[in-house]
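**Student:** Quick one, structure for this:
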Amino acid sequence: ATLSYNVLTNLLRKELGYTGIIITDCMEMKAIADGFGTSEGAIMSIKAGSDIVLVSHSINKQKQAIVSLCPPRSHNNVFTNRST
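**Tutor:** Down below sits the predicted model:
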């Protein structure tokens, strides 16, 4: 569910009316890390509707996720896309 727009946005937010904060599992968990990579998983989870992305084991992976989520202002980013 961490990466699912249908679950986080359509079901949880729209259908069930949840207005609270959605926090992910750690992006370093095996299924996400091996399947997509930590940084791509972080992007996918924000696009799905998460508000807080956890990367809790490796400082290097934390930095990579931050860079992937927050490119220079001149670039279109996932936060801008999600807020429109």
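**Student:** so how far is Leu16 from Ile43?
**Tutor:** 25 Å (CB to CB, to the nearest Å). Where C-beta positions appear, they are placed from N, C-alpha and C, glycine not excepted.
**Student:** correction: Gly49
**Tutor:** Note on Gly49: its distance to Leu16, by CB to CB, is 12 Å.
**Student:** which of the two has more neighbours?
**Tutor:** Gly49 (21 against 9; other CB atoms under 10 Å).
**Student:** So which helix or strand of the chain has the lowest pLDDT on average?
**Tutor:** The helix or strand of the chain with the poorest confidence is helix 78-83; it has a mean of 59 (mean pLDDT, DSSP states H and E).
**Student:** show me what contacts Gly17?
**Tutor:** With CB atoms under 8 Å, 6 or more residues apart in numbering as the criterion, no residue contacts Gly17.
**Student:** what's near enough to touch the residue nearest the centre of the chain?
**Tutor:** The chain has Ser45 as the residue nearest its centroid, 2.6 Å off, counting by CA atoms, centre = their mean. Residues counted as contacts of Ser45 (CB under 8 Å, 6+ apart) are 2-3, 24, 27, 53.
**Student:** Can you verify it is assigned to a helix?
**Tutor:** Yes - the assignment for Ser45, made by DSSP: H, G, I helix; E, B strand; the rest coil, places it in a helix.
**Student:** Which strand or helix spans the closest residue to it other than its chain neighbours?
**Tutor:** Nearest non-adjacent residue to Ser45, counting by CB to CB, 6 or more residues apart in numbering: Thr24, 4.8 Å away. For Thr24, the host element (DSSP states H and E) is strand 23-26.
**Student:** list the buried ones in stretch 15-22?
**Tutor:** By 16 or more other CB atoms under 10 Å, the buried positions in stretch 15-22 come out as Ile22.
**Student:** ignore the last one, stretch 57-72
**Tutor:** 61-62, 64-65, 68-69.
**Student:** so Ile43 touches Leu69, yeah?
**Tutor:** Yes - using CB atoms under 8 Å, Ile43 is in contact with Leu69, at 6.4 Å.
**Student:** low pLDDT regions in the protein?
**Tutor:** 72-84 (pLDDT under 70).
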